[in-house]
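Asks: Quick one, structure for this:
(one chain, ligands or ions: 1)
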Amino acid sequence: MNSTDEKDISKLCIHTITTKPWKIEEAAQHFSAAGVKGISVWRDALEGRNVKQTGKVLLEHDLSIVSLCRGGFFPSKDLNKRKSAIDDNRRAIDEAAELGAPLLVLVCGADPSQSLRDSGKQIQDGIGEIIPYASSAGIRLAIEPLHPMYADTRSAINTMKQANDMAEELNSPWVGVAVDVYHVWWDPFLEKEIKRCGENGHLMAFHICDWKVPTADMLLDRGLMGEGCIPVRQIRSWVETAGFTGFHEVEIFSTTHWKENQSEYLRKIIKAYKDHS
Ligand code: ZN
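Replies: Here you go, the predicted structure:
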């Protein structure tokens, strides 16, 4: 037994998207058998299922249900689309409640036909509008800043500072921030903004993976921890110093890793978690 075998994996959570070829029930079975304690769920994984029943299956495998991804996509120049986004977010909150996930992660959205500032304003208004619904369902909302390469259509919130500013403006115990190393590792103010996030009680989630060099695809080429240039362990220490005690969610969109035998890949994930995060 080498020294890494001793490292505790009690905070390890794996996102269903990471092992996308597995159905959620298979993922639950494999994660649980490998000693993984947490699972995060992509909404697509619930398609065609009784959500409440699926939540029970996860609990039966002794998994903590950490979060549901994703809500958001608030901005649009078109008022009707903004209204339907609110409806969809309410449905996502319902799904989170049925599943038993305490947190809904928000990929906030952006409409390239208007300014980022206008999209930002619509995001804030949109979140503001769903807070009462989220609080009555007991579901917290985490604003996830996305890397600026996604500022065209996926998110007008691109830095921890922007996410912190918005969470503070909204000033609700139901709204916080998700820190995903893939999106924020490059930020020279990251340590300071993580500290600020923790001090304000807004640090609600921590997502890990790596940035491959070179990156072949903007969306589907994330690496396992250790495969790229993100100082995951250092960022983890900042997050923990800021008071975060929750799960470390491995969230890897990767056409390369999805082609692997998923059982072998799961072993690699656990090893990468132990060695590099
Ligand atoms: Zn994430």
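
Asks: Mind jotting down where the helices sit in the stretch 151-277 of the chain?
Replies: Here the stretch 151-277 of the chain has its helices, by DSSP state H, counting those that start in this stretch, at 160-170, 181-184, 190-199, 232-241, 255-258, 262-276.

Asks: List the contacts of the longest one.
Replies: Read that as helix 262-276. 4-5, 7, 9, 12, 14, 18-19, 21-22, 30-31, 34-36, 208, 210, 224-227, 232-233, 248, 250, 252, 257 (Cβ atoms under 8 Å, 6 or more residues apart in numbering). To be clear about C-beta, it is placed using only N, CA and C from the backbone, and glycine gets the same treatment.

Asks: now those: which count as buried?
Replies: Buried members of those, counted by 16 or more other Cβ atoms under 10 Å: 12, 14, 18-19, 22, 30-31, 36, 208, 210, 224-227, 232, 248, 250, 252, 257.

Asks: Return the subset of these lying in strands.
Replies: Applying DSSP state E to the buried ones among the contacts of helix 262-276, the entries found in strands are 12, 14, 208, 248, 250.

Asks: residue contacts, the third one?
Replies: By Cβ under 8 Å, 6+ apart, the contact set of I208 is 180-181, 225, 232, 236, 248-251, 273, 277.

Asks: same check, this time on the last one
Replies: For V250, the set of contacting residues under the criterion of Cβ under 8 Å, 6+ apart consists of 12-15, 18, 207-209, 225, 269, 273.

Asks: Select, out of the helices of the stretch 151-277 of the chain, the one closest to P214.
Replies: Nearest of the helices of the stretch 151-277 of the chain to P214, taken as Cβ to Cβ: helix 255-258 at 13.2 Å.

Asks: thought S64 was touching S40?
Replies: No. Using Cβ atoms under 8 Å, S64 makes no contact with S40, being 9.7 Å away.

Asks: Single out the most deeply packed of the helices of the stretch 151-277 of the chain.
Replies: helix 181-184 (a mean of 24; mean count of other Cβ atoms under 10 Å).

Asks: Can you list the buried residues in stretch 142-160?
Replies: Within stretch 142-160, the residues that count as buried by 16+ other Cβ under 10 Å are 142-147, 150-151, 154-160.

Asks: could the contacts of V250 go into CSV alongside pLDDT and distance to V51?
Replies: Listed next are these as CSV, based on pLDDT from 0 to 100; distance: Cβ to Cβ, whole Å:
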residue, pLDDT, distance to V51
L12, 98, 24
C13, 98, 19
I14, 98, 19
H15, 98, 17
T18, 98, 20
H207, 98, 22
I208, 98, 26
C209, 98, 26
M225, 98, 30
I269, 98, 25
Y273, 98, 28
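
Asks: Which of the buried residues of stretch 142-160 fall in strands?
Replies: 142-143.

Asks: filter the contacts of I208 down to the ones close to the ion.
Replies: Among those, the ones lying near the ion by Cβ under 5 Å from the ion are 180, 251.

Asks: hmm, which two among the contacts of I208 are most spread apart?
Replies: Longest span within the contacts of I208, Cβ to Cβ: D180 and Y273, 15.6 Å.

Asks: Now for the closest residue in space to T16 that isn't next to it in sequence, how many residues are close by?
Replies: Using Cβ to Cβ, 6 or more residues apart in numbering and skipping the chain neighbours, the partner closest in space to T16 is A45 (4.3 Å). Residues lying near A45 (other Cβ atoms under 10 Å) number 21.

Asks: and which of the ones in strands among the buried ones among the contacts of helix 262-276 is nearest the ion?
Replies: I208 (8.9 Å; Cβ to the ion).

Asks: Who are the contact partners of R43?
Replies: 68-70, 92, 95.

Asks: Assign the closest residue to D152 other than its chain neighbours to one of the three secondary structure states.
Replies: Leaving aside its chain neighbours, D152 sits nearest to P112 (4.8 Å; criterion: Cβ to Cβ, 6+ apart). The three-state assignment at P112 reads coil, by DSSP: H, G, I helix; E, B strand; the rest coil.

Asks: hang on, P112 packs against T153?
Replies: Yes. Between P112 and T153 there is a contact under Cβ under 8 Å: 5.9 Å.

Asks: And the strands in the stretch 1-150 of the chain?
Replies: For the stretch 1-150 of the chain, strands defined by DSSP state E, counting those that start in this stretch occupy the ranges 12-15, 38-42, 64-72, 103-107, 140-143.
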